[in-house]
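Q: dropping the sequence and predicted coords here.
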Amino acid sequence: MIVSNTHNFIFLKVSKTGGSSVEAYLRRFCGPGDIVTWLDDDEEEAIKGTGACPPMGFNKPAAGVPLPARLLMALNHRKTLRRHGLSPHASAARVKRYVGDAVWNGHLKFCVVRNPLDRSVSQFFWTAANRDWHDAATNFHARFDEFL
């Protein structure tokens, strides 16, 4: 999730749609006054040195950032950010509540979506990895039917 006050946009990251790649690209255009949530550790490592903005809490907030955002940015802790409802997959309603009507109404809001079948297959393999379904690829049809 990104709230770019610099460029007046809000990127909402929908799960299993390729949002991490889009977010990694967009972070290059963000600065200290923008709200940027974290990627997975391996993704953060992969974009280090590319000039991409670090996640919120790892950069020094600009003086013009509202006090609540400056405090959150200074906390530098993912669990605390989550407690305040700001996570990579924060809902539109939660982001709107956090940023307020003026920012929400004044920024372009967008996300990426994916072909529903591709998204389902991606979610299946993510679920299979987390459930240790070692036969997910070799027994795809039976496991996918079970998953659906």
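A: Thanks, I have it. Numbers count the residues shown, from 1 in each chain.
Q: Ser4 against Ile10, yeah?
A: Yes - with contact defined as CB atoms under 8 Å, Ser4 reaches Ile10; the gap is 7.5 Å. Every C-beta, even on glycine, is put in place using the N, C-alpha and C of the backbone.
Q: shared neighbours of those two, anything?
A: By the contact definition CB atoms under 8 Å, 6 or more residues apart in numbering, Ser4 and Ile10 are jointly contacted by His107.
Q: near the residue nearest to Phe147 when sequence neighbours are not counted, how many other residues are there?
A: Spatial nearest neighbour of Phe147, chain neighbours left out: Phe124 (4.9 Å); criterion: CB to CB, 6 or more residues apart in numbering. Close neighbours of Phe124, defined as other CB atoms under 10 Å, add up to 19.
Q: any idea how far Phe124 is from Val22?
A: Distance from Phe124 to Val22, counting by CB to CB, to the nearest Å: 22 Å.
Q: before we move on, which element is the residue nearest to Phe147 in?
A: Following DSSP states H and E, the helix or strand that holds Phe124 is helix 116-130.
Q: now for that helix, which elements pack on it?
A: Contacts defined by 3 or more CB pairs under 8 Å, 6 or more residues apart in numbering; DSSP states H and E place helix 116-130 against helix 140-147.
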